[in-house]
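Enquirer: I would like to see how this sequence folds:
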Amino acid sequence: MPPLRDFFSPGRSPVSGRDSAVVSSHALASGAALTVLAEGGNAVDAAVTATFVQCVVEPQSTGIGGDCFALLFKKGSERPIGLNGSGRSPAGLDPMAAQASGGAPLAETSVHAVTIPGAVDGLARLLSEHGTWPLERVLAPAIRFAEDGFVVHARAAEEWGFVTAKLAATPEARDALLKDGRAPAAGEVWRLPALGATLRGIARGGADYFYRGRVARDMAAFLKEKGGYHTPQDFAAHRSETVEPVSVSYRGFDVWQIPPNGQGLTTLLMLNLLERSDLSGLAFDGAERHHLIAEAAYKAFARRDRLIGDPAFSPADVEAFTDKTKAAALGARSASCPGKHAAAPARGDTAFVGVVDREGTAVSLITSLFEGFGSGLYHPGSGVVFHNRGSGFSAEPDHPNALAPAKRALHTIIPGMVSRGGRPVLCLGVTGGAYQPTGQVQLITAMIDHQLDIQDAIDRPRSFPVDGKLQLEPSLMPLAEELARRGHQVSAATRAVGGAHAIAIDHERGTLTGGSDPRKDGAALAL
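Expert: Predicted coordinates:
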């Protein structure tokens, strides 16, 4: 049993309950989800409610102009259900012309980086197939926050401020998302009335209101004016997909991920590589543990960047990530700082919700605009900020992740779930772009190998390899010299590395324990 934390030191305690629990990257979303559970809704009702709230109160990180993925572990099932709610590039896209005007790879503010938003359809499908509440009831809190206003929280304000120049670059975004040319300050009240009106339309007309009507025609026309290839038919053709999750065993636990086009296989390969080492015998915040995790990340990201794309175009070699014999062969190779494999900084431009209800159903649900405020393109008629997931396509024409028409890009957002003996024991999500596989591995190994409690595991300082350099959060900088001797180029992280939120399920005690990252604006709540 993990020891109690030092109550003389700053920190958070884990939050425990017996009935249900919720964690998310924003306190208002967590509160909305807990209210749903208290009023009799199930885990899916609560998770979808919270996610729509996040689309309003964390507009820099997520929105209905982005994508979603989910893992759902229902009571009585021995494996989770997966949902891929990511959208495709326009069917009429000309890759060579798009790259000539938008960059190769596509620039984050290019209209060609805007793929069809998948979140609305994914959330509506999750609710209709597994929830109990109607969309109108689920959307009510988000509509209220959009129309009546919400208080901007500290981390959201910081992230909003980081992308002021992007928002100021177009008149539509500048007028709706800045005030006198500045981002809102923490504690300021902000309203998004156009978004509220669109959410009301979705509440009345479902996903069809967003994808197969006037709103879709207007969004397509707006993107076409910006030089895009998007058409109303691209929106009308979008459908989310139920997918079969992929897993590996790690020290007797089954770790579950969404298959490609997501990067979840990277997490599984890292765990296969690390299982060969006795992490439990290492100092948790010591150089050797961070060295081993970094080495695993370099190798796994190199394989991710070479093999993962849209399986509809290039079937994924799943065994290259999940097979333990192949992992052992890869683990025998040296990989110190081999180059640019975790190419993007560990930003928190993603929102996560985890819920476990009184029936034992667990939901891990993640949404994102990719970069902060996505492409920076704001459609004033709908209040939608379009994500820029297409900037994740490869510029190499023969690559599995090459830019092509009607194709899904390599995706960074990955919900996580861990089970044992056919029952879920951990529902988790990590935000921060390419950091997410490493963050999940750091959290899972902290709890399994080091027996840390869920909040302590989230609180501990982090490292992450970016562009061939191992970034360390400030309290880990004393390890820099020792890590350099192991072959790493070390740099200090200038921003908090990602965010993590998780719920541990103790079936023997009949308890649920949640943890939420102090690096974000979130909260863990339980009944």
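Enquirer: Just to check, residue 102 is in contact with residue 113?
Expert: Yes. Counting by C-beta atoms under 8 Å, residue 102 does reach residue 113; the two are 6.7 Å apart. Backbone N, C-alpha and C define where each C-beta goes, glycine included.
Enquirer: Out of these two, name the residue with the larger neighbour count.
Expert: residue 113 (30 against 22; other C-beta atoms under 10 Å).
Enquirer: tell me the contacts of that one?
Expert: Going by C-beta atoms under 8 Å, 6 or more residues apart in numbering, residue 113 touches 102, 106, 107, 375, 388, 389, 390, 391.
Enquirer: and the residues you listed, which are buried?
Expert: Buried members of the contacts of residue 113, scored by 16 or more other C-beta atoms under 10 Å, are 102, 106, 375, 388, 389, 390, 391.
Enquirer: got the contact list for the second one?
Expert: When contacts are counted by C-beta under 8 Å, 6+ apart, residue 106 touches 98, 99, 112, 113, 388, 390, 391, 393, 403.
Enquirer: And those residues, which two are furthest apart?
Expert: Across these, no pair lies farther apart than 99 and 388, at 14.5 Å, counting by C-beta to C-beta.
Enquirer: follow-up on the earlier one: so which of the contacts of residue 113 comes closest to residue 219?
Expert: Using C-beta to C-beta, the contacts of residue 113 come closest to residue 219 at residue 375, 12.6 Å.
Enquirer: check contacts around the closest one.
Expert: Going by C-beta under 8 Å, 6+ apart, residue 375 touches 108, 109, 110, 111, 113, 114, 385, 386, 387, 388.
Enquirer: if I look at the residue lying closest to it once chain neighbours are set aside, how far off is residue 470?
Expert: Distances taken as C-beta to C-beta, 6 or more residues apart in numbering put residue 388 closest to residue 375, at 4.0 Å, once the chain neighbours are dropped. For residue 388, the distance to residue 470 equals 27 Å [C-beta to C-beta, to the nearest Å].
Enquirer: about what we covered before: return the member of the buried ones among the contacts of residue 113 nearest to residue 125.
Expert: Among the buried ones among the contacts of residue 113, and counting by C-beta to C-beta, the member closest to residue 125 is residue 389, at 18.7 Å.
Enquirer: With the flanking residues excluded, which residue is spatially nearest to residue 405?
Expert: Going by C-beta to C-beta, 6+ apart, residue 405 has residue 93 as its nearest residue, at 4.4 Å.
Enquirer: Tell me the confidence at residue 349?
Expert: With respect to pLDDT, residue 349 has a value of 76.
Enquirer: Give me the neighbour count for it.
Expert: Applying other C-beta under 10 Å, we find 27 residues neighbouring residue 349.
Enquirer: Go ahead and confirm residue 116 touches residue 87.
Expert: Yes. The pair formed by residue 116 and residue 87 meets the contact definition of C-beta under 8 Å, at 3.5 Å.
Enquirer: isn't residue 489 right up against residue 465?
Expert: No. Between residue 489 and residue 465 there is no contact under C-beta under 8 Å: 9.3 Å.
Enquirer: what about those two, which has more around it?
Expert: Of the pair residue 489 and residue 465, residue 465 is the one with more neighbours under other C-beta under 10 Å, namely 27 against 14.
Enquirer: The more buried one falls within a helix, correct?
Expert: No. Residue 465 is assigned strand when assessed by DSSP: H, G, I helix; E, B strand; the rest coil, not a helix.
Enquirer: List the beta-bridge partners for it.
Expert: Beta-bridge partners for residue 465, by DSSP bridges, are residue 470.
Enquirer: just the strands in the stretch 351-500 of the chain please.
Expert: 362-368, 378-379, 384-385, 415-420, 423-431, 463-466, 469-472, 489-492, 499-506 (DSSP state E, counting those that start in this stretch).
Enquirer: Minimum distance to residue 152: which of those strands has it?
Expert: Of the strands of the stretch 351-500 of the chain, the one closest to residue 152 (C-beta to C-beta) turns out to be strand 384-385, at 15.6 Å.
Enquirer: For that closest one, name the packing helices and strands.
Expert: On a contact count with 3 or more C-beta pairs under 8 Å, 6 or more residues apart in numbering; DSSP states H and E, strand 384-385 meets strand 378-379.
Enquirer: Tell me how far the strand it packs on lies from the chain's centre.
Expert: Centroid displacement of strand 378-379 relative to its chain, using C-alpha atoms, centre = their mean, to the nearest Å, is 22 Å.
Enquirer: strand partners of it, parallel vs antiparallel please.
Expert: strand 384-385 (antiparallel).
Enquirer: Correct me if wrong: residue 80 contacts residue 246.
Expert: No. In this structure, residue 80 is not within contact of residue 246 by C-beta under 8 Å, at 10.6 Å.
Enquirer: shared neighbours of the two, which are they?
Expert: residue 256.
Enquirer: more neighbours, these two?
Expert: Comparing residue 80 with residue 246 by other C-beta under 10 Å, the one with more neighbours is residue 80, at 26 against 21.
Enquirer: For that one, give me its contacts.
Expert: Going by C-beta under 8 Å, 6+ apart, residue 80 touches 71, 72, 73, 245, 256, 362, 417, 419, 424.
Enquirer: The last one contacts residue 362, doesn't it?
Expert: Yes. With contact taken as C-beta under 8 Å, residue 424 and residue 362 are classed as touching, separated by 4.5 Å.
Enquirer: if we can go back for a sec, mutual contacts of residue 116 and residue 87, please.
Expert: Common neighbours of residue 116 and residue 87 (C-beta under 8 Å, 6+ apart) are residue 238.
Enquirer: Quick check: the farthest pair among the buried ones among the contacts of residue 113?
Expert: Comparing every pair within the buried ones among the contacts of residue 113 by C-beta to C-beta identifies 102 and 389 as the most remote, at 13.5 Å.
Enquirer: buried sites along stretch 352-370?
Expert: 352-358, 360-370.
Enquirer: ok so, going back, quick check, nearest of the contacts of residue 106 to residue 177?
Expert: Closest approach to residue 177 among the contacts of residue 106 (C-beta to C-beta): residue 388, at 15.3 Å.
Enquirer: Tell me how far that closest one lies from residue 412.
Expert: For residue 388, the distance to residue 412 - C-beta to C-beta - is 12 Å.
Enquirer: any residues in contact with both of the two?
Expert: Joint contacts of residue 388 and residue 412 (C-beta under 8 Å, 6+ apart) are residue 370.
Enquirer: Distance to residue 54 for the contacts of residue 375 - can I get that in CSV?
Expert: Below are the contacts of residue 375 laid out as CSV (distance: C-beta to C-beta, whole Å):
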residue, distance to residue 54
108, 21
109, 23
110, 25
111, 25
113, 22
114, 20
385, 13
386, 17
387, 14
388, 18
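Enquirer: For residue 127, state which of those residues is nearest.
Expert: Distances from residue 127 to the contacts of residue 375, taken by C-beta to C-beta, are shortest for residue 387, at 21.0 Å.
Enquirer: ok, the closest one touching residue 376?
Expert: No. Look at residue 387 against residue 376 with C-beta under 8 Å: they stay out of range, at 10.3 Å.
Enquirer: ok, those two, which is more surrounded?
Expert: Between residue 387 and residue 376, counted using other C-beta under 10 Å, the more crowded position is residue 387 (33 against 24).
Enquirer: so who does that one touch?
Expert: 63, 65, 66, 67, 114, 115, 117, 368, 369, 370, 374, 375.
Enquirer: again, only this time at 6 Å
Expert: Under the criterion of C-beta atoms under 6 Å, 6 or more residues apart in numbering, the contact list for residue 387 reads 65, 66, 369, 370, 374.
Enquirer: So for it, what's the pLDDT?
Expert: pLDDT, residue 387: 97.
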